[in-house]
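*Asks:* I'd like to go over a predicted model; first the sequence, then the structure.
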Amino acid sequence: MERSVSLLGKRFQRFLPEAEVLQAVQKIADEIARDYKDEVPVFVGVLNGAFMFVSDFLKCYPYPCEVTFVKLSSYRGLTSTGIVETLLDLPDNVEGRHVIILEDIVDTGRTLQELGHMFSNKNVKNFRIATLFYKSEVYNGEYQIDYFGMEIPDTFIVGYGLDFKEQGRNLRDVYHINQPLMINLVLFGKPGAGKGTQASFLKEKYGLIHISTGDVFRHNIKNGTTLGKLAKSYIDKGELVPDEVTIQMLQDEVEKASDAPGFIFDGFPRTTAQAEALDQFLESRGLQIDGTIALDADDEILIKRLLERGKVSGRSDDQDEQKIRNRFEEYNQKTAPLKSFYQKQGKFHSINGVGEIQEITDRLARVIDGL
Ligand code: AMP
């Protein structure tokens with residue numbers, strides 16, 4: 001089972017494994033079977049997205065039934081255009097019958113509206129709607145949704161019959177992409193503020209790539225690269241590595257993940273020159289920083305945290321209080337001015353970085369969801 005897939009250059013994260021989808025299909029089949037066991041309903045699958053759902057649904061449906069398909073087209077890429085065309089119409093034999101629409105997904109309800117028109121002159125006995133996925137938050141259609149497999153948030157999903165620009169229908173699991181499609185965040189804070197810990201949760205939640213310049217330096221040091229040797233001499237003293245080296249390294253890391261849905265920059269930028277370089281670099285790729293979030297905590301709390309971490313991680317710069325204080329000094333002189341740099345752009349946010357890890361993740365998520 002892949003954790004993420006790439007389709008036409010966009011990365012989608014796994015959202016629902018096939019087994020959960022199949023449970024939802026079974027739930028709908030059980031409910032409809034209970035209501036229609038004495039009838040012979042006509043199931044109307046909505047192509048193309050519902051083909052897989054219809055197939056599995058029929059295997060779960062235990063009583064006599066018929067099946068037919070209609071084809072509309074409303075999605076063009078990632079946003080609904082609002083244009084719905086009829087490509088395959090209903091057969092005439094639905095007259096006087098119990099008809100149940102089988103939709104793969106209902107979001108705003110525009111497609112259902114069009115389906116409603118299709119049925120308006122067919123004199124069906126009754127007309128019900130079943131959908132595998134239901135975005136109840138955004139649904140504003142006039143029809144009642146009679147059966148649904150599961151409610152999902154308003155994200156774009158692919159797999160199990162659903163597509164992104166016609167690809168991805170063959171995936172067994174369902175994958176999603178978070179809106180907005182591209183989000184780039186800077187996590188700010190003194191050493192020990194919890195940037196790395198929080199970044200690892202946020203990257204899962206939002207499907208982002210986490211770039212920690214400190215981690216990249218440590219990786220280079222471990223592998224004895226030229227960059228590592230150079231960086232070590234600064235890191236060991238608790239000083240910042242020179243801008244030109246760090247900026248180049250950061251750009252290389254971003255380029256390595258060119259199809260990412262967005263980045264969390266952790267420990268970068270740490271100087272005004274780095275922040276300016278980052279803006280320029282992102283701009284040259286049609287991107288930008290969407291928000292900068294600072295994790296606030298008192299120095300004394302941070303020093304305690306770092307000394308504790310130093311015992312476990314073995315990081316030499318976390319074991320000596322003098323080096324830690326030097327890193328704070330570097331922060332106050334070189335990094336703190338970035339607050340006004342991002343404030344001027346209207347992109348600076350800060351949250352209380354003291355508390356349970358989950359609480360802090362929730363505080364961050366509230367800021368990110370409002371960006
Ligand atoms: P961190 O893991 O983010 O605390 O980084 C550890 C060390 O790596 C820092 O104390 C610096 O010596 C170096 N470093 C990390 N990121 C940067 C950066 N953006 N600019 C300069 N030096 C950095």
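*Replies:* Sure, I can see it.
*Asks:* so Glu2 sits in a helix?
*Replies:* No - using DSSP: H, G, I helix; E, B strand; the rest coil, the assignment for Glu2 is coil, not a helix.
*Asks:* next, count neighbours for it.
*Replies:* By other Cβ atoms under 10 Å, the residues close to Glu2 number 12. To be clear about C-beta, it is placed using only N, CA and C from the backbone, and glycine gets the same treatment.
*Asks:* next one: the closest residue to it other than its chain neighbours from Arg3, what distance?
*Replies:* Excluding the flanking residues, the one nearest Glu2 by Cβ to Cβ, 6 or more residues apart in numbering is Arg14, at 6.7 Å. Arg14 sits 5 Å away from Arg3, going by Cβ to Cβ, to the nearest Å.
*Asks:* these two: who's more crowded?
*Replies:* For Arg14 versus Arg3, neighbours defined as other Cβ under 10 Å are more numerous around Arg14 (17 against 10).
*Asks:* still on that earlier bit, pull the contacting residues for the residue nearest to Glu2.
*Replies:* Met1, Glu2, Arg3, Ser4, Val5, Asp173, Val174, Tyr175 (Cβ atoms under 8 Å, 6 or more residues apart in numbering).
*Asks:* now the helices for this structure?
*Replies:* Using DSSP state H, the helices of the chain run over 18-36, 51-60, 110-120, 195-206, 213-222, 226-235, 243-256, 272-284, 299-313, 321-330, 338-344, 357-369.
*Asks:* please name the residues that touch the closest residue to the ligand within the stretch 251-371 of the chain.
*Replies:* Closest contact between the stretch 251-371 of the chain and the ligand, by Cβ to the nearest ligand atom, is at Gly267 (3.0 Å). Residues near Gly267 by Cβ under 8 Å, 6+ apart: Lys195, Ser212, Thr213, Gly214.
*Asks:* model confidence for it, exactly?
*Replies:* pLDDT for Gly267: 96.
*Asks:* top of the contacts of Arg14 by neighbour count?
*Replies:* Tyr175 (27 neighbours).
*Asks:* excluding chain neighbours, what is closest to that one?
*Replies:* Nearest residue to Tyr175, sequence neighbours excluded (Cβ to Cβ, 6+ apart): Phe12, at 3.6 Å.
*Asks:* ok, Leu227 next?
*Replies:* Closest to Leu227 by Cβ to Cβ, 6+ apart is Asn220, at 4.6 Å.
*Asks:* so what's the one you found up against?
*Replies:* Asn220 makes contact with Leu227, Gly228, Ala231 under the criterion Cβ under 8 Å, 6+ apart.
*Asks:* Gln319 contacts Glu308, correct?
*Replies:* No - the criterion here is Cβ atoms under 8 Å, and Gln319 misses it with Glu308 at 10.5 Å.
*Asks:* now do stretch 144-156: everything it contacts.
*Replies:* So stretch 144-156 is contacted by 15, 20-21, 24-25, 27-28, 31-32, 78, 100, 106-107, 128-139, 164, 176-179 (Cβ under 8 Å, 6+ apart).
*Asks:* which of those residues are buried?
*Replies:* 15, 21, 24-25, 27-28, 32, 100, 106-107, 128-135, 139, 164, 176-178 (16 or more other Cβ atoms under 10 Å).
*Asks:* up against the ligand, what does the chain have?
*Replies:* Residues of the chain lying close to the ligand (Cβ under 6 Å from any ligand atom) are 191, 213-214, 217, 234-235, 238-241, 246, 267-268, 270, 274, 317, 327.
*Asks:* can you pull out the strands in the stretch 1-150 of the chain?
*Replies:* Remark: strands assigned in the stretch 1-150 of the chain by DSSP state E, counting those that start in this stretch are 4-7, 10-16, 42-47, 66-76, 79-88, 98-106, 126-134, 147-151.
*Asks:* pairing partners for the shortest one, with directions?
*Replies:* Here the strand partners of strand 4-7, with direction, are listed using DSSP bridges: strand 10-16 (antiparallel).
*Asks:* mean confidence score for the strand it pairs with?
*Replies:* According to the model, strand 10-16 has a mean pLDDT of 87.
*Asks:* next, the angle helix 195-206 makes with that strand.
*Replies:* For strand 10-16 against helix 195-206, the angle between stretch directions is 80 degrees (axes from the mean of the first three to the mean of the last three Cα atoms, to 10 degrees).
*Asks:* strand 10-16: how far from the chain's middle?
*Replies:* Relative to the mean C-alpha coordinate of its chain, strand 10-16 is positioned 7 Å out (Cα atoms, centre = their mean, to the nearest Å).
*Asks:* what does stretch 338-351 give?
*Replies:* Chain-centre distance of stretch 338-351: 24 Å, with Cα atoms, centre = their mean.
*Asks:* quick check: Asp259 touching Ser4?
*Replies:* No - assessed by Cβ under 8 Å, Asp259 is found out of contact with Ser4, at 10.2 Å.
*Asks:* would you pull up the residue in the protein closest to the ligand?
*Replies:* With Cβ to the nearest ligand atom, the shortest gap between the chain and the ligand falls at Gly214, namely 2.0 Å.
*Asks:* quick one: that residue and Tyr234, what's the gap?
*Replies:* Relative to Tyr234, and taking Cβ to Cβ, Gly214 is found at 12 Å.
*Asks:* what of Ile303?
*Replies:* Per Cβ to Cβ, Ile303 is found 20 Å from Tyr234.
*Asks:* what of Glu321?
*Replies:* For Glu321 relative to Tyr234 (Cβ to Cβ), the value is 19 Å.
*Asks:* between the two, which one's more packed in?
*Replies:* Shown here are Glu321 and Tyr234; by other Cβ under 10 Å, Tyr234 has more neighbours (17 against 12).
*Asks:* quick one: least confident helix or strand in the chain?
*Replies:* strand 79-88 (a mean of 51; mean pLDDT, DSSP states H and E).
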